[in-house]
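Engineer: here you go, sequence then predicted model.
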Amino acid sequence: MKNSIGDDFQQLTRYFRDQLPGGYLDMANRPYPFKEYPKAKKIRLEAPKEPQKALSLAQTLAARSSIRRFSPKALDKETFSFLVWATAGIRGLAQGHAFRTAPSAGALYPVETYLAISRVEGIEPGIYHYNVKEHSLEQLAAGDFGRAVAKAALDQRMCLSSAVTFIFSAIFFRSKWKYRQRAYRYIYLDAGHMGQNLALAATSMGLGTCAIGAIYDDEANAILDLDGKEESVIYMTVCGHPAGSGDDRDD
Ligand SMILES: Cc1cc2nc3c(=O)[nH]c(=O)nc-3n(C[C@H](O)[C@H](O)[C@H](O)COP(=O)(O)O)c2cc1C
């Protein structure tokens with residue numbers, strides 16, 4: 001890899017006044033922002049409901065910190081449904097768009113959400129894709145993938161004890177369709193917003209999360225059967241009931 005590729009990217013994707021990339025938007029090829037696995041077994045999630053005992057926003061902001069060790073306690077399905085919605089769900093319809101809980105540049109929504117579930121009440125352990133439009137899960141594989149996910153996350157042990165690990169991928173063309181190479185700036189920002197929605201929603205319900213950027217890309221893509229070019233894993237977040245306290249970082 002060219003060792004200045006990041007510096008080059010930052011410089012080459014700058015916007016200049018009066019030199020904005022023009023051209024028309026190819027509306028006929030506007031990307032559809034909802035991936036689906038039509039043949040997969042579906043698990044309907046209940047309508048997301050704000051938990052009664054949630055912390056206030058100020059309490060949540062003060063309480064959030066990265067949690068890297070989790071208790072064996074499972075997440076209940078209601079809490080899980082709310083977490084997934086808070087991360088990637090639809091908040092409302094307007095002007096022909098389904099707007100989501102996290103902002104997205106151009107409302108193009110390039111980030112997909114997958115879940116490696118180990119302990120959620122009523123849901124078999126396995127790998128799932130979140131069907132945003134239906135607020136449902138699509139099962140891609142059965143079994144506990146904690147070990148495989150931990151390996152793909154540079155052997156970070158927190159993925160072994162998490163109740164669920166959110167795995168975020170990007171379908172790059174959805175954003176490149178409009179923003180070309182500058183899209184990469186926005187795609188990673190979009191994912192960050194989703195990760196923070198997840199962290200705050202989880203913290204407000206007494207759960208813990210830790211973001212993970214340290215990923216062996218090809219290994220993570222293999223778990224989800226992604227090609228790594230059109231769609232690639234870009235980010236993860238572990239989540240569960242916190243175990244104990246103190247600085248238990250392992251990065
Ligand atoms: C983009 C991003 C990637 C991160 N990747 C990792 C990681 O791979 N492993 C890890 O243990 N922590 C990771 N973290 C968590 C940071 O280490 C943590 O947020 C930071 O130390 C500040 O602590 P706090 O989150 O408790 O406030 C990541 C955080 C972000 C935002």
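Structural biologist: Received the coordinates, thanks. Quick caveat, the model's predicted, so the values are computed rather than measured.
Engineer: for the lengthiest helix in the chain, buried residues please.
Structural biologist: Determined from DSSP state H, the single longest helix within the chain is helix 183-204. For helix 183-204, burial by neighbour count (16 or more other CB atoms under 10 Å) applies to 183-184, 186-187, 190-204. In short, each C-beta sits where N, CA and C put it, glycine included.
Engineer: now swap in stretch 223-242 and tell me
Structural biologist: 223-224, 226, 231-242.
Engineer: which of the residues you listed fall in helices?
Structural biologist: 223-224.
Engineer: of the buried residues of stretch 223-242, which belong to strands?
Structural biologist: Secondary structure from DSSP state E places 231-240 of the buried residues of stretch 223-242 in strands.
Engineer: could I get these as TSV with pLDDT?
Structural biologist: Shown next, in TSV, are those (pLDDT from 0 to 100):
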residue	pLDDT
231	98
232	98
233	98
234	98
235	98
236	98
237	98
238	98
239	98
240	98
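Engineer: any chance of the residues you listed in JSON lines, with distance to the ligand too?
Structural biologist: Formatted as JSON lines, these follow (distance: CB to the nearest ligand atom, whole Å):
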{"residue": "231", "distance to the ligand": "19"}
{"residue": "232", "distance to the ligand": "16"}
{"residue": "233", "distance to the ligand": "13"}
{"residue": "234", "distance to the ligand": "10"}
{"residue": "235", "distance to the ligand": "7"}
{"residue": "236", "distance to the ligand": "8"}
{"residue": "237", "distance to the ligand": "9"}
{"residue": "238", "distance to the ligand": "9"}
{"residue": "239", "distance to the ligand": "13"}
{"residue": "240", "distance to the ligand": "14"}
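Engineer: what's the angle from the longest helix of the chain to strand 231-240?
Structural biologist: Helix 183-204 runs at 10 degrees relative to strand 231-240, counting by axes from the mean of the first three to the mean of the last three CA atoms, to 10 degrees.
Engineer: output helix 183-204 as PDB, nothing but the C-alphas.
Structural biologist: Coordinates of the C-alpha atoms in helix 183-204 are reproduced here as PDB (Å, rounded to 0.1, in the frame of the first residue of the first chain):
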ATOM      1  CA  ALA A 183     -18.200   9.400  -0.300                       C
ATOM      2  CA  TYR A 184     -15.600   7.500   1.800                       C
ATOM      3  CA  ARG A 185     -15.500  10.500   4.200                       C
ATOM      4  CA  TYR A 186     -19.200  10.400   4.700                       C
ATOM      5  CA  ILE A 187     -19.600   6.600   4.900                       C
ATOM      6  CA  TYR A 188     -17.300   6.400   8.000                       C
ATOM      7  CA  LEU A 189     -19.000   9.300   9.600                       C
ATOM      8  CA  ASP A 190     -22.400   7.600   9.000                       C
ATOM      9  CA  ALA A 191     -21.100   4.500  10.700                       C
ATOM     10  CA  GLY A 192     -19.800   6.600  13.600                       C
ATOM     11  CA  HIS A 193     -23.200   8.100  14.200                       C
ATOM     12  CA  MET A 194     -24.800   4.700  14.300                       C
ATOM     13  CA  GLY A 195     -22.200   3.400  16.700                       C
ATOM     14  CA  GLN A 196     -22.900   6.400  19.000                       C
ATOM     15  CA  ASN A 197     -26.600   5.900  18.800                       C
ATOM     16  CA  LEU A 198     -26.000   2.300  19.900                       C
ATOM     17  CA  ALA A 199     -23.600   3.300  22.700                       C
ATOM     18  CA  LEU A 200     -26.000   5.800  24.100                       C
ATOM     19  CA  ALA A 201     -29.100   3.600  23.800                       C
ATOM     20  CA  ALA A 202     -27.300   0.800  25.500                       C
ATOM     21  CA  THR A 203     -25.900   3.000  28.300                       C
ATOM     22  CA  SER A 204     -29.300   4.400  29.000                       C
END
